[in-house]
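*Asks:* below are the sequence and a predicted model for it; my questions follow.
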Amino acid sequence: MSNFASYALWLLLPPLQGAIAYRMWQQKNYRDYPIFFAYTLEQLARFAVLFYWYRLHASTTYMHAYAAFQAIEAILQIGIVCELYSDLFRPYEGIRHFGPSFLRWASVFFLFLAIVVAAYSTGADSYKFLGNLFAFERSLEIVQAGLLVVLVIASSILALQWKPLTLGIAVGFGLFTGVNLIAYTVRFELGMSAQHPLSLVCNVAYDFAVLIWVRAFYAVPKVVPELEPRPADWDPHSWNEALSEYLHR
Amino acid sequence: MNIVIIVVAVILAAMLGAGLYLVGVGGFGRLQNINDGKSLIEFLDAPAFNNLIDPHEEEFLRENLPPPAFRTIQRLRLRAAIEYVLCANRNAAVLIRIGRSVNSEQNLERSSQAQELVNASVQLRLLSFFVLSLLCVKIAFPGLRLALSGVSNLHERLVQQMGTVTRIRVF
């Protein structure tokens, strides 16, 4: 039953991600989100290659292909986080340079945290390849989750506006990053016994994330109503008067 | 050690989930009416604020009060200063909302002024965050001398930013 569910969740992804790629191409969103577009295409290629080896029951080749795709995916996922930072800070000229600074310092901190976590933990896997793979996955999720948390905090402190698409990408990305972080940590500690249920949880989370992205890309943009005409007596007096007095004294 | 790692992972994931949820549902909406913004703007007495963090005032109090009394009074003054900075911070958020709402209109000139307003307000939010951090440090260590001049310098910049924001005629 668990295998059937995992299989179904896996097969659900290509049509959904194909729809996202098509929509991005059609709406030329790949200009604004080139790394996310590359990531979507990479996911389609990944499915094709891994599914092929899975059907052939070539477990060693499958495992190596999986590890190679994980490495590519890690780079693209960090790239997507950078894209989110850049997209959120770009419209604000005065603080545009803070985006890369936040990203740089947060990356250093969370990379350090990931290294410390990797150095001080002992996995339950007897098979070294799997142990290393899950340790790598967990470190990656720590860095990604940390960078997203810093981005959310920075945007809330500065009251930055999220574009609906950027928010959709971030929410989907945050959902599966958060779930994966917990799942990989637990998987690393418990070993093979926790493999199937956690794999199912991760697949469900990823499918939900893809559904969020589909919704974000296919949502009809809201028509923003125009503001009512200016009231004749409007002026930010209440705040301005004391300041003007101070500035001119 | 392993249980600590699990706890760290769960906390990080929970923070991420909560943060994205709040951004998604509780973000800054658009104003339907300018009067909404007007009613949200709070009065800020900038000279009083400047007096609260004036280094000369602090020096005067330091010289004329016994140290325990000075620390108590200084903490009260800094708490009051924090209220002022929070007020400026909230006003900047309202101005950002006003700027964004105007941005959605078709008038190019207004839109450019509104963008300027939004940029200045976001800078003000950033500056007030730094000032708040310094004020919190100062409350913890009221005897610190160096931090006060830092606050004062930042305040000068903050007031300049506020002046820029409020001088822009959007409407």
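*Replies:* The structure has been received and is ready for your questions.
*Asks:* need the residue closest to the centroid of chain A.
*Replies:* In chain A, the centroid-proximal residue (C-alpha atoms, centre = their mean) is residue A:173; its distance is 2.7 Å.
*Asks:* in three-state terms, label that one for me.
*Replies:* With DSSP: H, G, I helix; E, B strand; the rest coil as the basis, residue A:173 sits in helix.
*Asks:* which residues of chain A fall in helices?
*Replies:* A:2-26, A:34-55, A:59-89, A:98-120, A:128-158, A:164-190, A:195-218, A:237-248 (DSSP state H).
*Asks:* deepest-packed of the ones you listed, please.
*Replies:* Of all the helices of chain A, helix A:164-190 has the most neighbours on average by mean count of other C-beta atoms under 10 Å in any protein chain shown, namely a mean of 23. Using the backbone N, CA and C atoms, a C-beta is placed for each residue, glycine as well.
*Asks:* and it, what does it pack onto?
*Replies:* Under the contact criterion of 3 or more C-beta pairs under 8 Å, 6 or more residues apart in numbering or on different chains; DSSP states H and E, helix A:164-190 touches helix A:59-89, helix A:128-158, helix A:195-218, helix B:2-26.
*Asks:* return the distance of the first one from the chain's centre.
*Replies:* For helix A:59-89, the distance from its own C-alpha centre to the chain's C-alpha centre is 10 Å (C-alpha atoms, centre = their mean, to the nearest Å).
*Asks:* wondering if it reaches chain B at all.
*Replies:* No. For helix A:59-89 and chain B, the contact criterion (C-beta under 8 Å from any C-beta of the partner chain) is not met; the two come no nearer than 9.6 Å.
*Asks:* so which elements touch that helix?
*Replies:* helix A:34-55, helix A:98-120, helix A:128-158, helix A:164-190.
*Asks:* ok, back up a step: got the helices of chain A as CSV, with mean pLDDT columns?
*Replies:* As requested, those are exported to CSV (pLDDT from 0 to 100):
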stretch, mean pLDDT
helix A:2-26, 89
helix A:34-55, 93
helix A:59-89, 91
helix A:98-120, 84
helix A:128-158, 86
helix A:164-190, 89
helix A:195-218, 91
helix A:237-248, 56
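*Asks:* please report phi then psi for residue A:162.
*Replies:* Per-residue torsions, residue A:162: phi -90, psi 130 (degrees, to the nearest 10).
*Asks:* need the residues that contact stretch A:180-191.
*Replies:* A:121, A:123-126, A:131, A:134-135, A:137-138, A:141-142, A:145, A:194-195, A:198, A:201-202, A:205, B:2, B:5-6, B:9-10, B:12-13 (C-beta atoms under 8 Å, 6 or more residues apart in numbering or on different chains).
*Asks:* for stretch A:172-188, output the C-alpha coordinates as PDB.
*Replies:* The C-alpha coordinates for stretch A:172-188 follow below in PDB (Å, rounded to 0.1, in the frame of the first residue of the first chain):
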ATOM      1  CA  GLY A 172       6.000  25.600  -1.900                       C
ATOM      2  CA  PHE A 173       9.700  25.600  -1.400                       C
ATOM      3  CA  GLY A 174       9.400  26.300   2.300                       C
ATOM      4  CA  LEU A 175       6.800  23.500   2.800                       C
ATOM      5  CA  PHE A 176       8.900  20.700   1.300                       C
ATOM      6  CA  THR A 177      12.100  22.100   2.800                       C
ATOM      7  CA  GLY A 178      10.600  22.100   6.300                       C
ATOM      8  CA  VAL A 179       9.100  18.600   6.000                       C
ATOM      9  CA  ASN A 180      12.300  17.200   4.400                       C
ATOM     10  CA  LEU A 181      14.400  18.800   7.200                       C
ATOM     11  CA  ILE A 182      12.500  17.000   9.900                       C
ATOM     12  CA  ALA A 183      12.200  13.800   7.800                       C
ATOM     13  CA  TYR A 184      15.900  13.600   6.900                       C
ATOM     14  CA  THR A 185      16.900  14.300  10.500                       C
ATOM     15  CA  VAL A 186      14.700  11.600  11.900                       C
ATOM     16  CA  ARG A 187      15.700   9.200   9.000                       C
ATOM     17  CA  PHE A 188      19.400   9.800   9.800                       C
END
